[in-house]
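Chemist: no sequence on this one, just coordinates:
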């Protein structure tokens, strides 16, 4: 999440797409209150121990439309308020 003012906040999702904590400066410290533009980036799937040429191939495409990879094109935004619950993001085209 990229704020209009302040620090970037990040979260890692599970296989089901849910996230349980957001990090700004230290693990799970949460996002600072304010307005954010949101980008979604899949976790890298590169093979750390390559044994063949196929292991060097590019990672698969994201499981959602590419527009969500950039906060300027995603159309996603969140206003963070103290104590709020996670906000569901609809990644459909």
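Modeler: Arrived safely, thanks for sending. Predicted model only: the values in this text are computed from it and were never measured. Numbering: from 1, shown residues only.

Chemist: hang on, residue 91 in a strand?
Modeler: No - assessed with DSSP: H, G, I helix; E, B strand; the rest coil, residue 91 is coil; it does not lie in a strand.

Chemist: so what's it up against?
Modeler: 40, 64-65, 68 (C-beta atoms under 8 Å, 6 or more residues apart in numbering). For glycine as for every other residue, the C-beta is placed from the backbone atoms N, C-alpha and C.

Chemist: Check the gap between it and residue 42 for me.
Modeler: Per C-beta to C-beta, to the nearest Å, residue 91 is found 11 Å from residue 42.

Chemist: And residue 15, by the same measure?
Modeler: Taken as C-beta to C-beta, the span from residue 15 to residue 42 is 11 Å.

Chemist: With neighbour numbers in mind, choose between these two.
Modeler: residue 42 (14 against 5; other C-beta atoms under 10 Å).

Chemist: What residues does the more buried one make contact with?
Modeler: 59, 62-63.

Chemist: picking up where we left off before, and the contacts of residue 91, which are buried?
Modeler: Among the contacts of residue 91, those classed as buried by 16 or more other C-beta atoms under 10 Å are 40, 64, 68.

Chemist: returning to that earlier point: now compare the contacts of residue 91 and name the two farthest from each other.
Modeler: 40 and 65 (9.9 Å; C-beta to C-beta).

Chemist: Report pLDDT for the most centrally placed residue in the chain.
Modeler: Nearest residue to the geometric centre of the chain (C-alpha atoms, centre = their mean): residue 40, 3.7 Å. We note a pLDDT of 88 for residue 40 in this prediction.

Chemist: swap in residue 33?
Modeler: For residue 33, pLDDT reads 90.

Chemist: Give me the nearest residue to it, chain neighbours excluded.
Modeler: In space, and not counting its chain neighbours, residue 33 is closest to residue 80: 5.2 Å by C-beta to C-beta, 6 or more residues apart in numbering.

Chemist: who are the neighbours in contact with that neighbour?
Modeler: By C-beta under 8 Å, 6+ apart, the contact set of residue 80 is 1, 9, 31-36.
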